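In: Mind folding the following:
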Amino acid sequence: MIGIEQGALATLFESSGKELAKSFLNNLFGKWKKVGWDKAAAEYGKNMQNLYGEIHVLGKPEPMSLEGLFTDVYILDKPTAFHRFDISQLRADPDSLQYEKRQHGLDVVKQIRNNRLFILGKPGAGKTTFLKHLTLQAIKGKIQKIPLFVSLKEWADSQLELMPFLVQQFEICNFPDAKAFIEHILQRGDALVLFDGLDEVQQDGEQRTQIINVLRNFSKQYLSSQCVITCRIAATDYSFEQFTYVEVADFTDKQMQTFVNNWFRQTPKVAENFLTEFDQGVHYGLRDLGRTPLLLSLLCLNYEATQTFPARRVEIYEEAIDTLLKKWDSSRHIKRDEGYRKLSLLRKRQLFAKVGYDTFTQNEYFIPQPQLVSKIVEFLRQLPVVDAEDNQDNGEEVLKAIEARHGIFTERAHRIYSFSHLTFQEYFTAKYIVETPERVQTLTTHLDDDRWWEVFLLVASSLDNADHFFACFKQAIDGLVKQDNRLVALLQWAHDKANSVDVSCKVGAVRSFYLFRSHARASALTRSLNLDSVLDLDLDRVFDLDFNLDSVLDRVRVFDLDLDRALLLALVLTLDLKVDFLLLITLKISLGFSKTINFKKIKDNISKFKKYFTQVIQHSRSLPSLYEALRLLSVPNGQSKQEEWIKFANELRAIIQRERNIGHEWNLTEEQKKTMDTYLRANLFMLECLKLAAVSDRKAIEDSVLLPPVV
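Out: I've put the predicted structure just below:
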């Protein structure tokens with residue numbers, strides 16, 4: 001008889017899986033068969049699987065399998081706000097903000113000593129999803145408890161006492177004598193009670209206070225059963241005796257990768273492309289957002305629709321802010337308390353923009369709570385009463401509300417705040433700047449500070465018309481070199497030389513080649529351009545040289561050979577080499593050999609060098625005077641003395657200067673070289689901004705790149 005009943009019950013679980021049925025029945029069948037709870041418990045387990053086996057993701061019309069998407073949650077053993085740091089230490093060394101142990105969430109629930117766990121987390125950190133995951137794990141028998149999932153908002157809205165509310169959940173499954181069953185498992189310690197979303201219970205009318213009192217009494221009455229409560233960070237100052245407070249940790253790189261692979265489980269190639277693009281340096285802001293599951297879902301949705309991330313990252317940032325400010329609560333029909341909620345969405349954005357700009361300008365990522373509260377109060381006092389109501393002097397309450405409801409600000413350590421994502425601080429700084437032309441002009445004073453470059457890009461992306469922005473940009477660039485006559489002369493030479501070359505590419509690109517040829521030392525510049533990924537050409541095959549030119553050539557000391565390849569890819573190959581092929585040689589043999597020559601390497605490779613130089617001569621046939629001069633040059637051999645190599649280099653330099661107006665010695669000081677580094681990078685960065693901007697005359701701005709300033 002028992003075997004028949006077990007088989008029948010297993011059939012009830014057929015849609016959920018035989019393993020789930022077996023583990024759940026093993027826990028229940030023998031204990032409660034006598035009172036008729038065995039079949040009812042199986043139905044309850046099946047109902048839990050149906051209720052919590054799928055989740056609705058904001059912005060996605062169809063539900064997703066929770067277990068298919070779920071990424072392991074990790075828990076900080078101490079909430080961030082409990083940590084105490086000296087703010088000067090944090091500002092000097094942000095990496096010192098390292099919290100204690102990260103533990104696997106399921107292990108924390110299983111091993112908690114006092115059966116009481118209070119889990120805090122930022123908006124969208126995955127608290128509810130984690131409790132649903134725990135429910136399914138208990139149904140599968142991986143947690144040896146009977147799960148009771150309680151949405152605190154749903155309970156509060158029901159106007160029922162806690163026990164009748166729990167009974168109602170069981171009676172939906174036609175559970176006989178549900179109250180007795182629930183009390184039985186609670187008394188025996190067989191229950192895992194999951195109270196989700198304390199922050200979603202309104203404070204109006206003391207509703208939250210009443211719920212908290214009931215939870216305290218409940219946890220004291222049923223000491224043997226396990227209780228877990230989730231709440232947003234900063235949403236409550238109440239303490240629960242006997243509860244251990246922990247916090248959901250941000251996603252690591254590995255967790256983000258797992259989440260993305262789970263999301264695109266049916267299209268692994270899309271997941272691969274997502275992660276490859278996601279890992280690019282320009283997307284550091286997106287990776288910062290992706291450490292929150294809610295916002296990583298948003299990134300996946302966007303990528304799913306377009307198969308790429310938008311060049312104008314401001315679009316994603318705006319959607320992320322919009323999600324946190326209004327969509328996330330409204331999608332779950334959560335109505336927050338009055339007071340701060342009456343501050344309009346526009347006013348909230350203005351507040352965040354003002355705080356973002358003030359703190360970013362002062363290079364403040366970490367902000368003491370009194371300072372942040374003061375900024376909030378200063379803003380609120382400027383508003384009409386209809387906007388701020390009675391909150392004009394209650395900055396601390398508003399700060400806590402912002403942290404709890406939107407997660408825009410977060411408490412990084414005890415009474416030390418920051419924007420929850422650096423990206424948000426940059427975004428709101430840009431939003432503040434675009435409001436007036438004066439702020440746009442002030443922005444360009446930060447041109448030589450890399451910390452501001454993302455703000456530049458966001459401003460360029462946000463302006464309806466960026467003509468004024470680029471006029472200020474060009475003025476600031478010219479200001480870098482305008483007072484240095486030698487640098488101005490160098491720029492004028494590059495301009496004149498570019499105008500003398502008959503090529504089809506843009507004049508700014510030709511100027512850039514000649515300037516980079518003369519000043520190609522900034523390795524950081526190459527990294528920022530990532531030119532190797534733009535053009536697919538192996539220059540080793542072009543030159544067929546395997547010896548170290550740095551030990552052979554004079555001007556190569558000025559260049560970084562690692563930079564040569566990227567420069568040739570981006571600049572030389574844009575030119576008409578049939579007209580100006582000598583540009584090719586000027587980067588490799590580069591106007592002469594050094595006075596200290598590694599003759600062993602020359603002897604080993606001299607035949608290759610001669611073959612290469614012969615090819616250069618042949619390519620110069622279209623320029624008779626140059627061709628004749630190069631043809632008459634005598635290339636030293638492996639037995640030649642050092643003086644012969646020096647003579648060859650000097651003669652080659654003279655020919656290049658006479659025939660092509662290149663090869664001039666500018667003799668820049670180290671300070672001038674640094675200035676040119678900044679100048680060249682700034683011009684290239686202006687082009688990066690231009691790619692994202694709406695302007696009246698794009699070609700005019702492109703043609704102004706590296707144009708010498710008017711003195």
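In: Pretty sure residue 660 sits against residue 630.
Out: No. The pair residue 660 / residue 630 is not scored as a contact, 11.0 Å apart, by CB atoms under 8 Å. Backbone N, C-alpha and C define where each C-beta goes, glycine included.
In: Among the two, which residue is more densely surrounded?
Out: Comparing residue 660 with residue 630 by other CB atoms under 10 Å, the one with more neighbours is residue 630, at 24 against 18.
In: And the more buried one, how far from residue 500?
Out: Taking CB to CB, to the nearest Å as the measure, residue 630 falls 19 Å from residue 500.
In: again with residue 322
Out: When distance is defined by CB to CB, residue 322 is 53 Å away from residue 500.
In: repeat for residue 265
Out: Distance, residue 265 to residue 500, using CB to CB: 59 Å.
In: what's the answer for residue 313, then?
Out: Taken as CB to CB, the span from residue 313 to residue 500 is 40 Å.
In: These two: which has the busier surroundings?
Out: Per other CB under 10 Å, whichever of residue 313 and residue 500 has more neighbours is residue 313, with 22 against 11.
In: Quick check: the more buried one touching residue 285?
Out: Yes. The criterion here is CB under 8 Å, and residue 313 meets it with residue 285 at 6.1 Å.
In: shared neighbours of these two, anything?
Out: Contact criterion CB atoms under 8 Å, 6 or more residues apart in numbering; no residue bridges residue 313 and residue 285 by contacting each.
In: which sections of the stretch 401-550 of the chain are below the confidence cut-off?
Out: The model of the stretch 401-550 of the chain has pLDDT under 70 over residues 502-505, 513, 517-550.
In: where do the helices sit along it?
Out: All helices of the stretch 401-550 of the chain, identified by DSSP state H, counting those that start in this stretch, fall at 422-433, 437-443, 453-462, 467-481, 485-500, 507-518, 523-529, 539-543.
In: and of those helices, who's closest to residue 144?
Out: Closest approach to residue 144 among the helices of the stretch 401-550 of the chain (CB to CB): helix 422-433, 42.3 Å.
In: so that closest one versus helix 467-481, what angle?
Out: If you take axes from the mean of the first three to the mean of the last three CA atoms, to 10 degrees, helix 422-433 sits at 100 degrees to helix 467-481.
In: Contacts for helix 422-433 next, please.
Out: 285-286, 288-289, 314, 317-318, 321, 349, 352-357, 359-361, 365, 408, 418-419, 439-440, 442-443, 454-455, 458-459, 462.
In: let's go with 7 Å and repeat that
Out: Residues outside helix 422-433 that contact it (CB atoms under 7 Å, 6 or more residues apart in numbering): 285, 288-289, 317, 352-354, 356-357, 359-360, 365, 408, 419, 439-440, 443, 454-455, 458-459, 462.
In: are any of those buried, and which?
Out: 285, 288-289, 317, 352-354, 356-357, 359-360, 365, 408, 419, 440, 443, 454-455, 458-459, 462 (16 or more other CB atoms under 10 Å).
In: And for residue 159, the neighbour number?
Out: For residue 159, using other CB under 10 Å, the count is 8.
In: For residue 55, see how far away it is.
Out: Counting by CB to CB - residue 159 and residue 55 are separated by 27 Å.
In: Identify each of the helices in the stretch 201-350 of the chain and give its residue range.
Out: Under DSSP H, counting those that start in this stretch, the stretch 201-350 of the chain gives helices at 207-221, 253-263, 268-278, 284-289, 293-306, 314-322, 328-331, 345-361.
In: which other helices and strands contact the fourth one?
Out: When contacts are defined as 3 or more CB pairs under 7 Å, 6 or more residues apart in numbering; DSSP states H and E, helix 284-289 sits against helix 293-306, helix 422-433.
In: now the shortest one: how far from the chain's centre is it?
Out: Its chain's C-alpha centre and that of helix 422-433 lie 14 Å apart, by CA atoms, centre = their mean, to the nearest Å.
In: Now do it against helix 314-322, angle only.
Out: If you take the same axes, to 10 degrees, helix 422-433 sits at 100 degrees to helix 314-322.
In: Now do helix 422-433 against helix 453-462, angle only.
Out: 50 degrees.
In: Likewise for the longest one?
Out: Taking the same axes, to 10 degrees, one finds helix 293-306 and helix 453-462 inclined to each other by 50 degrees.
In: For helix 293-306, give me every contacting residue.
Out: Residues outside helix 293-306 that contact it (CB under 7 Å, 6+ apart) are 57-60, 124-126, 251, 256, 259-260, 263, 274, 286, 289-290, 309, 316, 319-320, 323, 328.
In: List the buried residues in it.
Out: Under 16+ other CB under 10 Å, the buried positions of helix 293-306 are 293, 294, 295, 296, 297, 298, 299, 300, 301, 302, 303.
In: pLDDT on it, on average?
Out: Over the span of helix 293-306, the pLDDT mean works out to 93.
In: Tell me where the stretch 51-200 of the chain has strands.
Out: Applying DSSP state E, counting those that start in this stretch to the stretch 51-200 of the chain gives strands spanning 54-55, 64-65, 74-76, 102-104, 116-121, 146-151, 191-196.
In: And the ones you listed: which comes nearest residue 40?
Out: strand 146-151 (11.8 Å).
In: Number of residues surrounding residue 395?
Out: Neighbours of residue 395 under the rule other CB under 10 Å: 21.
In: Need the pLDDT of it.
Out: So, for residue 395, pLDDT stands at 86.
In: what's the span of stretch 460-471, first residue to last?
Out: Start to finish, the residues bounding stretch 460-471 are 12 Å apart (CA to CA, to the nearest Å).
In: Please apply the same query to stretch 286-302.
Out: End to end - CA to CA - stretch 286-302 spans 12 Å.
In: give me the number of residues near residue 362?
Out: Considering only other CB under 10 Å, residue 362 is surrounded by 9 other residues.
In: Check the gap between it and residue 398 for me.
Out: Going from residue 362 to residue 398 by CB to CB gives 21 Å.
In: can you give me the offset of stretch 117-124 from its chain's centre?
Out: Distance, centroid of stretch 117-124 to centroid of chain: 22 Å (CA atoms, centre = their mean).
In: Pull out the buried positions in stretch 60-79.
Out: 64, 66, 67, 69, 70, 71, 73, 74, 75, 76, 79.
In: Report the rounded mean pLDDT for that stretch.
Out: 90.
In: what does that stretch contact?
Out: The list of residues contacting stretch 60-79 from outside it, by CB under 7 Å, 6+ apart, reads 52-57, 99-105, 108, 120, 126, 129-130, 132-133, 136, 245-249, 255, 258-259, 262-263, 265, 301.
In: Narrow the residues you listed to just the buried residues.
Out: Among these, the ones that count as buried by 16+ other CB under 10 Å are 52-55, 57, 99, 103, 105, 108, 120, 126, 129-130, 132-133, 136, 245-249, 255, 259, 262-263, 301.
In: returning to that earlier point: minimum distance to residue 474: which of the strands of the stretch 51-200 of the chain has it?
Out: Going by CB to CB, the one of these nearest residue 474 is strand 116-121, 46.9 Å.
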